[in-house]
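Generate coordinates for the sequence data below:
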Amino acid sequence: MNLAPWPINVRDNIEEIIDKIGREVTFYYVYSSQACPVCDLDPVTDTSTDSFCTTCSGDYWIPLYSGSAMSAHVTWKFDFETEFQTGGKDLIGDARVKVMHTDARETIVKQSEYVIVDDKTLNIEKTTLLGAPINRIIVDLKEKEE
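Residues are numbered from 1 along each chain as shown. Model prediction:
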């Protein structure tokens with residue numbers, strides 16, 4: 001019995017699909033920190049001398065974020081269940097995004113603290129590398145509570 005041949009250029013095919021149906025997703029990660037302008041640094045704990053500082057919340061170091069936009073296939077976990085609001089319907093639940101794998105993208109995804117998808121802020125719950133060889137990154141997200 002002859003098996004059908006494995007498709008050639010699988011990565012190119014998947015990448016083309018994601019480019020066609022994908023939406024922009026932005027991963028935000030800490031790229032630097034700045035010192036709190038209001039309080040002083042405690043050199044022993046590397047935190048603020050004022051644990052109730054309203055500017056840095058006692059951390060002293062204020063994170064500075066950078067965003068990296070990627071084209072991704074977006075699936076809302078409960079997109080068939082919607083919550084109706086005064087202004088219309090609003091997707092509820094968690095999301096899953098699929099981006100093409102590169103070493104740089106894997107680093108960005110793993111270092112990210114939150115993601116913006118469809119104007120919603122979500123936290124990263126889990127990342128999964130897929131493919132043989134690895135060619136995709138699946139990121140499970142949970143909407144950030146306000």
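
tell me the contacts of the residue nearest the centre of the chain?
The centre of the chain sits closest to residue 115, judged by C-alpha atoms, centre = their mean, with a distance of 3.4 Å. Shown in contact with residue 115 (C-beta atoms under 8 Å, 6 or more residues apart in numbering): 25, 26, 27, 28, 97, 121, 122, 123, 124, 139, 141. For glycine as for every other residue, the C-beta is placed from the backbone atoms N, C-alpha and C.

now swap in residue 42 and tell me
48, 49, 60.

per-residue confidence for residue 37?
Listed pLDDT for residue 37 reads 95.

name the element it belongs to?
Residue 37 is part of no helix or strand when elements are defined by DSSP states H and E.

what about it, how many neighbours?
8 (other C-beta atoms under 10 Å).

Compare the contacts of residue 42 and tell me which has the most neighbours.
Counting neighbours by other C-beta under 10 Å, residue 60 leads those with 24 neighbours.

Correct me if wrong: that one contacts residue 37.
No. In this structure residue 60 lies outside contact range of residue 37 using C-beta atoms under 8 Å: 10.6 Å.

Which positions in the longest helix anywhere in the chain come out as buried?
Criterion DSSP state H: the longest helix present in the chain is helix 10-21. For helix 10-21, burial by neighbour count (16 or more other C-beta atoms under 10 Å) applies to 14, 15, 18.

Would you format the residues you listed as CSV with pLDDT included?
Shown next, in CSV, are the buried residues of helix 10-21 (pLDDT from 0 to 100):
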residue, pLDDT
14, 82
15, 83
18, 85
